[in-house]
Every structure is written in C-alpha cells, then in structure tokens.
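Engineer: Quick check, what structure comes out for this input:
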Amino acid sequence: MPNQQNKIFLSPPHMGEWEQPFLQEAFESNWIAPLGKHVDSFEQEMAAYLGVRGALALASGTAAIHLALRLLGVGQGDVVFCSSLTFVASVNPILYQGASVVLIDSEPDTWNMSPLALERALSEATIMDRLPRAVIVVHLYGQSARMEEIKVLCDRYQVPIVEDAAESLGAIRHGKASGTVGKFGALSFNGNKIITTSGGGMLVSDDVEALKKARYWATQARDLARHYQHSEMGYNYRLSNLLAAVGRGQLRVLDDRIRARRSVFERYEQALSGEPGIRFMPEAEGGFSSRWLTALTIDEERSGFSVLRLLEALDDERIEARPVWKPMHLQPLFADCAYYPHRPEESVSDRLFANGVCLPSGSSLTEEEQQRVISCIQRLLQRRGEG
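Structural biologist: Below is the predicted model of the structure:
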C-alpha cells in the first residue's frame, strides 16, 4: 500500500508576512522588470546586514562568481584554485573564463577548504611560477571556512579571494560575516537556500568601483548613450524587481530562519549524537553556523547501515535527504585537474562524500515532521541491535 504521509522536503522555501506587501507594491507601481526600487533597496539592505560597502543583485550565485572572476582579470591560460567539496556552480565560472582549475581538499573541523592543502598548493605553484589568479573558497552547509588562516596565506602570495557564500548567508566567524573577508563574496537565493527569491544571487564587496563595473557588464554592457551602444561584452545577469521584492521580505526574517534551522540541528543532535557511528558536522571554534543543512557522517561498521541504506529508508517514508556533495576531483568534468588533499595520505572530502548525508532542515520543519526523520534512523539503529 502506498505511503500516504505528506512528503518532507530537504529545504523548502519558507515565505513570511513581508513578501506579499512588497510584491503588491511592485505590481501597483507596474514596475515589474527589469530593475526598480526593490532591487536598489534589496542591495542596500543586504550590504547593511553584512557590513559591506556595496552589493549587486543578480540572476544567480553563479553569475556573481563569474563576474568576480572577470573583475579579477581571470582569462585564458590562468589558474584558479577552488574548494573540491562543493556544487559544480562554484567551479563552472572558472571554465567560462577559459582558465584552468586546481582543486583543494576540505579539513575535518569545518568541512571547508583546508589551509594545509592550500599552503602546499600555493608553495608548489610558486616553484612552478603558476600562482593562481584567484582562490574560490566555498563555505558549506551554513559554516564559514577558516578565513583568518586562508587570508593570511593568500595575502602572503598576493592572491585575491572570492568567497562562495551561497550556503552560508548569516554565518559568522570571529565577528566577520561569511562572504565579507575576501575581495568578493557571492550569495545565492535559490529555492532551497536559507532565504530565497526563487532564483537569484548577489555579489558583495567593499570595492564599490568594481561593483559599478560588474553592474555595467551584468546589464548587457550598455554604454551611456541615447541609442543602444555596446563597447564590451556583457550579460543578462540582473535580478528583476519582483524577485528583489521577495528577497526584501525574506531578508527581514533571516535571523529568525537561522534560529529555526539551528533549533532543527539541535533536536537532531540531542536525539542521535549518542548513537553508534553517527557524527554531526562540527561547529568550529570561533564560528557561528547558520546550519543551512544538518549534515552528518555515518560509520557503517558501527551503525550497522550505510548512507545508501539510510537514503532508501527515508525515501520509503517520503522523506527527502541527500548525500554530501560529490567532490569536484571525482567528477568526470574535472578528472584531469590537479587536486591537493588535506594531507598527502588523507583526502577528507572523499571520506565525507562516502559517509556524509544531509537531513531535512527547513526552517518550516515541524517537530512532528522531524520526529518522523529521527524515528526512521532509530529504527535502522535498532535493527543492528536486534541482529
């Protein structure tokens, strides 16, 4: 008999009370697209929230990374370092610019870029006279990387940093908001993110002149002329006024959404952290994670079940869960790229991919729904005990 329970999604959109009034205002003004008051306000409000001088609302987080790389002069024949444990959108913009990719492993305490691996990669690049034009640091599952160590390394070699903060809006490390330490930060407002505009992103920086150039490129590089004139290649990358209206409403409740997701994580941790073979993604010292997704690893030998078995059991209960990202160095697209593990004998991202899983973590997840997830895992654990 088919399971009739409502499906629990991994990270569904969570609308509040502010989106509708802002949307209504946009409709009443007939200022639907391409730009408008809500775009300007969304940029200003996000910049103020993060404590940066400027922000540029865009069609996606991928567009933000792409524009950042172009601003840094990345082109054919250049090299860009990037976190390996990430979604492909972090890396594809390197290919857009015709540059080569070098992939850097994660480290155990944050699951983010390993300073040890990065230091080896930069040292070897110096010897080969192939220093990267940029380093893209990805902040996973709501937690910032060790930016204080990474920035010291990159400053030593005079390599600029682009922060992919698509998954970490609202996270803080040593008093700095995620996405604000490097030269540029990229945000995402995709449907599964902690706040969403359905689709969209933002480029943030203290370099307002660079953002002005990016704004020009993102609007088809249209020159200041009465007629349509174009002197450079541009893109159709701007966010619409309607989507920005949604974003403004979402931003007003961001701190509430963070508290809700941290509470979801804490309930999972309280129920499961003492179970054999289950270990949650740590919150590194000095950091405050938004807990965008609750991620954990499973030791099959101790727990009695694999990640695949857990995913199948959850799916049978109409519960959506996902494996941890498949690292880029294991992807066919990047099979020929150089890869620097955390230590020569230890690839952290391989282990996390093999053993990691993300559980439903939405800010609208009810305690009853979460208990369904927990009970499913506990039944798997119980079967091991019975065996």
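
Engineer: The spatially closest residue to G185 that is not a sequence neighbour: neighbour count?
Structural biologist: Leaving aside its chain neighbours, G185 sits nearest to G179 (2.9 Å; criterion: Cβ to Cβ, 6 or more residues apart in numbering). In this view, the C-beta of every residue, glycine as well, is placed from N, C-alpha and C. Neighbour count of G179, defined by other Cβ atoms under 10 Å: 30.

Engineer: Now name the helix or strand holding G179.
Structural biologist: Counting by DSSP states H and E, no helix or strand carries G179.

Engineer: Would you quantify the distance from it to S263?
Structural biologist: Applying Cβ to Cβ, to the nearest Å, the value for G179 to S263 is 24 Å.

Engineer: And for G249?
Structural biologist: From G249 to S263 the distance is 22 Å (Cβ to Cβ).

Engineer: okay, the two: which has more neighbours?
Structural biologist: G249 (22 against 15).

Engineer: what does the helix or strand harbouring that one rub up against?
Structural biologist: Following DSSP H and E, one finds G249 within helix 241-252. With contact meaning Cβ atoms under 8 Å, 6 or more residues apart in numbering, helix 241-252 is reached by 15-23, 25-26, 31-39, 41-42, 45-46, 49, 57, 189, 195-200, 239.

Engineer: Please pull up the helix or strand immediately following it.
Structural biologist: In N-to-C order, the element after helix 241-252 by DSSP H and E is helix 254-272.

Engineer: any idea which helix or strand comes after that next one?
Structural biologist: The helix or strand immediately downstream of helix 254-272 is strand 278-280, counting by DSSP H and E.

Engineer: Now that following strand: buried residues?
Structural biologist: Neighbour-count burial for strand 278-280, counted by 16 or more other Cβ atoms under 10 Å, picks out 278, 280.

Engineer: What is it packed up against?
Structural biologist: Secondary-structure packing of strand 278-280 (3 or more Cβ pairs under 8 Å, 6 or more residues apart in numbering; DSSP states H and E): helix 254-272, strand 294-298.

Engineer: Recalculate using a threshold of 6 Å.
Structural biologist: Applying 3 or more Cβ pairs under 6 Å, 6 or more residues apart in numbering; DSSP states H and E, one finds that strand 278-280 contacts strand 294-298.

Engineer: the inter-axis angle of the strand it packs on versus helix 254-272?
Structural biologist: For strand 294-298 against helix 254-272, the angle by axes from the mean of the first three to the mean of the last three Cα atoms, to 10 degrees is 30 degrees.

Engineer: which residues are contacting strand 294-298?
Structural biologist: 141, 265, 268, 277-281, 307, 355-356, 358-359, 361 (Cβ atoms under 6 Å, 6 or more residues apart in numbering).

Engineer: Among the residues you listed, name the buried ones.
Structural biologist: The buried subset of the contacts of strand 294-298 (16+ other Cβ under 10 Å) comprises 141, 265, 268, 277-278, 280-281, 307, 355-356, 358-359, 361.

Engineer: Distance to H66 and pLDDT for these - can I get that in a markdown table?
Structural biologist: Listed next are those as a markdown table, based on distance: Cβ to Cβ, whole Å; pLDDT from 0 to 100:
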| residue | distance to H66 | pLDDT |
| --- | --- | --- |
| Y141 | 23 | 98 |
| F265 | 32 | 98 |
| Y268 | 35 | 98 |
| G277 | 41 | 96 |
| I278 | 38 | 97 |
| F280 | 34 | 98 |
| M281 | 28 | 98 |
| V307 | 33 | 97 |
| N355 | 32 | 98 |
| G356 | 28 | 98 |
| C358 | 26 | 98 |
| L359 | 31 | 98 |
| S361 | 28 | 98 |
